[in-house]
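# only the shape, not the letters, is given here:
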């Protein structure tokens, strides 16, 4: 059964709409294409249970993403799925997980070559850097992938080539907007990235900010030294956070 | 508003002409007038008479009493033209003259139109399409709503374009409507809208800027933003979006809750109200409610009913079918067609309609 769509303040909804639209525009300007489900952004905000938070879920499929390493007969496609949880009282980002699947496509077959997800949870998770990326072998659920219009034959990784390295690498706040921002920077080149960065600058201000007080306090106390311990500040007692 | 409004009527049947003129005059009171187009009033040079109709009409419309017209209203079939020298005149020639002078035009057809006449109007670019079958009085009322809308835009535009930050059509329109925070959403209505491309590409002379921009922004607002639910919602789309049954949304106490969201601005029509969708959302979320139904059940009527999808009444709606003009659910409809403005995210086509008209509706 589909979850109940929640009415979202226009400022929050329009920030997501405008950011995603700007992303689509820059992708199309770069002569690439982006597929997404036939459902408006507004319908992606649903009740995540309990009536106090809203979940935002959206899957995008990026076709023919520039990649110098591949021969002309193959192309790189990228699937992005965001799951973000936002509080309904203050409209802060409480949790964000953004899954990325990289596919090498030849003819009509898409082979999953790399999966990863960026993750953060308000209050932190034990033994996880507060914001982090983790390499995995997890595919984005096929139903979500197909909902974008993905119509290729899907070939997942063989068990023998699964990613065994599961180190969680600390990152900055890689929410959906940040992930898309970095994808443009990494793959579309300086010209397109410059345009995109300028276009979304004012939109970013309106996106729900992540809630990360422990990390913020820790960094503020020794701003000149980005120690590894900052990324585990949520696991320490408040009194120890400047250690 | 003190602006004088002038409507020029092109109608080739005398009886209809006098009826529409009387209705226009009634609705234009106290600040406007309606006059019939009459080529006989002018002595044209023989050389001019050899010209194209659109060029001749363009010249005549620049002379008193037609000069400075706010709006042209034209019958689509002017073949029985009673005005001398314009035998077989078509609405296209009038529209072309209007386009050159940046005077907007409303057209109507006297023969009964099919139900799909209005939504098909998207292919009638350059005209505001009015229905004649609702009677001369309603036709005139709608034409006056259009004329007042264009006049309002023209009156406010100079102060808006004087602000340097208003440097794109979307920002200008957002400022005109007093909602600068919606400039991004308005901009989405321009994405891929090739019908209006010429209006953006042609840079008007400074002296002509207000007139040209009024023409461009007025059509954009009437024909796109107010037509395809997304930024605005009409009565059915508003009820559907709020998840309220249409009859509950009509109740005065319910309307009162959403009063702040009602649209007041150019082309505002008391008989066909519209609401700012974003303001509706803000009213609901400010009360920490999931949707309009929860809010109304909490504040006004615990028995208020949810919206129903016209395709499957067991489902709540949420969206608006632009062809059937009924509430529809996401699952039972198709959206994002290439001719929908990108910002019109509440506009859909019900699956039964899409299956029937699919090949013509495109992807």
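Done, it's in. Since the model is a prediction, treat every value here as computed from it, not as a measurement.
# what comes up buried for stretch A:35-48?
For stretch A:35-48, the neighbour count (16 or more other C-beta atoms under 10 Å in any protein chain shown) marks A:35-37, A:39-48 as buried. C-beta here means a position set from N, CA and C on the backbone, and glycine is covered the same way.
# closest residue of the stretch 201-350 of chain B to chain A?
Distance from chain A to each residue of the stretch 201-350 of chain B (C-beta to the nearest C-beta) is smallest for residue B:278, at 3.1 Å.
# need the max-distance pair from the buried residues of stretch A:35-48.
In the buried residues of stretch A:35-48, two members sit farther apart than any others by C-beta to C-beta. They are A:35 and A:47, at 26.4 Å.
# residue A:33 against residue A:60, yeah?
No: taking contacts as C-beta atoms under 8 Å, residue A:33 lies outside contact range of residue A:60: 10.7 Å.
# give me the more crowded residue out of these two.
Neighbours of residue A:33 and residue A:60, each counted by other C-beta atoms under 10 Å in any protein chain shown, are more numerous for residue A:60; the result is 21 against 15.
# roughly how far does the more buried one sit from chain B?
Using C-beta to the nearest C-beta, to the nearest Å, residue A:60 is found at 14 Å from chain B.
# give the other helices and strands that the strand or helix carrying that residue contacts.
Assigned by DSSP states H and E, residue A:60 falls within strand A:53-65. Counting contacts by 3 or more C-beta pairs under 8 Å, 6 or more residues apart in numbering or on different chains; DSSP states H and E, strand A:53-65 packs against helix A:10-29, strand A:33-35, strand A:45-47, strand A:75-87, helix A:142-147, helix A:176-187.
# show me which positions of that strand end up buried.
Residues A:53, A:54, A:55, A:56, A:57, A:58, A:59, A:60, A:61, A:62, A:63, A:65 are the ones in strand A:53-65 that count as buried (16+ other C-beta under 10 Å).
# quick one: which of those is nearest chain B?
Of all the buried residues of strand A:53-65, residue A:54 has the smallest distance to chain B: 9.1 Å, by C-beta to the nearest C-beta.
# list the contacts of the closest one.
By C-beta atoms under 8 Å, 6 or more residues apart in numbering or on different chains, the contact list for residue A:54 reads A:6, A:8, A:45, A:46, A:47, A:48, A:85, A:86, A:88.
# now swap in residue A:136 and tell me
Going by C-beta under 8 Å, 6+ apart, residue A:136 touches A:115, A:116, A:117, A:163, A:166.
# so which one among those residues has the lowest pLDDT?
Ranked by pLDDT, these bottom out at residue A:163, which has 74.
# mind listing what it touches?
Residue A:163 neighbours (C-beta under 8 Å, 6+ apart): A:114, A:115, A:135, A:136, A:137, A:157.
# show me the residues you listed that map onto helices.
Using DSSP state H, no member of the contacts of residue A:163 falls in helices.
# for those, which two are the farthest from each other?
The two members of the contacts of residue A:163 with the most space between them (C-beta to C-beta) are A:135 and A:157, at 11.9 Å.
# now do the SS call for the closest residue to residue A:147 other than its chain neighbours.
Nearest residue to residue A:147, sequence neighbours excluded (C-beta to C-beta, 6 or more residues apart in numbering or on different chains): residue A:37, at 4.3 Å. Here residue A:37 is recorded as coil under DSSP: H, G, I helix; E, B strand; the rest coil.
# give me the phi and psi for residue A:37.
Backbone torsions of residue A:37, given as degrees, to the nearest 10, read phi -60, psi 160.
# what residues does the stretch 201-350 of chain B have near chain A?
Neighbours of chain A within the stretch 201-350 of chain B, by C-beta under 8 Å from any C-beta of the partner chain: B:242, B:277-279, B:281-282, B:284-286, B:288-292, B:318, B:330-331, B:334-336, B:342, B:345-346.
# which parts of the biggest helix by length in chain B are buried?
Secondary structure assigned by DSSP H gives helix B:136-161 as the longest helix of chain B. Across helix B:136-161, burial judged by 16+ other C-beta under 10 Å covers B:136, B:138-154, B:156-157, B:160-161.
# next one: the very next helix or strand once past it to chain centre, how far?
Toward the C-terminus, helix B:136-161 is succeeded by helix B:169-176 as the next helix or strand (DSSP H and E). Offset of helix B:169-176 from its chain centre (C-alpha atoms, centre = their mean, to the nearest Å): 17 Å.
# which strands or helices does helix B:169-176 pack on?
Short answer (3+ C-beta pairs under 8 Å, 6+ apart): helix B:169-176 packs on helix B:136-161, helix B:183-188, helix B:209-220.
# I'd like the next helix or strand past the last one.
In the C-terminal direction, the helix or strand that comes right after helix B:209-220 (DSSP H and E) is strand B:232-233.
# now that next one: how far from the chain's centre is it?
Mean C-alpha position of strand B:232-233 versus that of the full chain (C-alpha atoms, centre = their mean) differs by 12 Å.
# and it, what does it pack onto?
By 3+ C-beta pairs under 8 Å, 6+ apart, strand B:232-233 packs against strand B:275-276, helix B:277-286.
# turn these into JSON lines, including mean pLDDT and distance to residue B:12.
Output for those, formatted as JSON lines (pLDDT from 0 to 100; distance: least, C-beta to C-beta, whole Å):
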{"stretch": "strand B:275-276", "mean pLDDT": "98", "distance to residue B:12": "39"}
{"stretch": "helix B:277-286", "mean pLDDT": "96", "distance to residue B:12": "42"}
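# can I get these in CSV with mean neighbour count?
Listed next are these as CSV, based on neighbours: other C-beta atoms under 10 Å in any protein chain shown:
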stretch, mean neighbour count
strand B:275-276, 25
helix B:277-286, 21
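# those into JSON lines, with extra columns for distance to residue A:74?
What follows is these, written out as JSON lines (distance: least, C-beta to C-beta, whole Å):
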{"stretch": "strand B:275-276", "distance to residue A:74": "48"}
{"stretch": "helix B:277-286", "distance to residue A:74": "44"}
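# just list the residues touching residue 108, thanks.
No chain specified, so I'll use chain A. By C-beta under 8 Å, 6+ apart, the neighbours of residue A:108 are A:152, A:153.
# should've been chain B
When contacts are counted by C-beta under 8 Å, 6+ apart, residue B:108 touches B:73, B:74, B:75, B:76, B:129, B:130, B:131, B:132, B:139.
# same list, the residues you listed, but as TSV with pLDDT please.
TSV is the format used below for the contacts of residue B:108 (pLDDT from 0 to 100):
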residue	pLDDT
B:73	96
B:74	93
B:75	90
B:76	84
B:129	86
B:130	88
B:131	84
B:132	86
B:139	95
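# tell me the two of these that are most distant?
The most widely separated members of those, counting by C-beta to C-beta, are B:74 and B:131 (14.5 Å).
# which one of these two has more residues nearby?
Each of residue B:74 and residue B:131 has its neighbours counted (other C-beta under 10 Å); residue B:74 has more, 25 against 16.
# what part of the chain, helix or strand, is modelled with the least confidence?
Just so you know, I chose chain A. helix A:213-221 (a mean of 89; mean pLDDT, DSSP states H and E).
# to clarify, I was referring to chain B.
Lowest by mean pLDDT, DSSP H and E among the helices and strands of chain B is helix B:117-120, with a mean of 55.
# let's verify residue 69: helix, strand, or coil?
Just going to use chain A. Using three-state DSSP, the structure places residue A:69 in coil.
# burial count for it?
7.
# not counting sequence-adjacent ones, nearest residue to residue B:165?
Spatial nearest neighbour of residue B:165, chain neighbours left out: residue B:171 (6.9 Å); criterion: C-beta to C-beta, 6+ apart.
# hmm, the one you found is touching residue B:183, no?
Yes: counting by C-beta under 8 Å, residue B:171 does reach residue B:183; the two are 4.8 Å apart.
# settle it for me: which of these two has more neighbours?
Ranked by neighbour count (other C-beta under 10 Å), residue B:171 and residue B:183 place residue B:183 first, with 21 against 18.
# that one touches residue B:167, doesn't it?
No: Residue B:183 lies out of contact with residue B:167 (C-beta under 8 Å); the separation is 10.6 Å.
# give me the common contacts of those two.
Shared contacts of residue B:183 and residue B:167, counting by C-beta under 8 Å, 6+ apart, come down to nothing at all.
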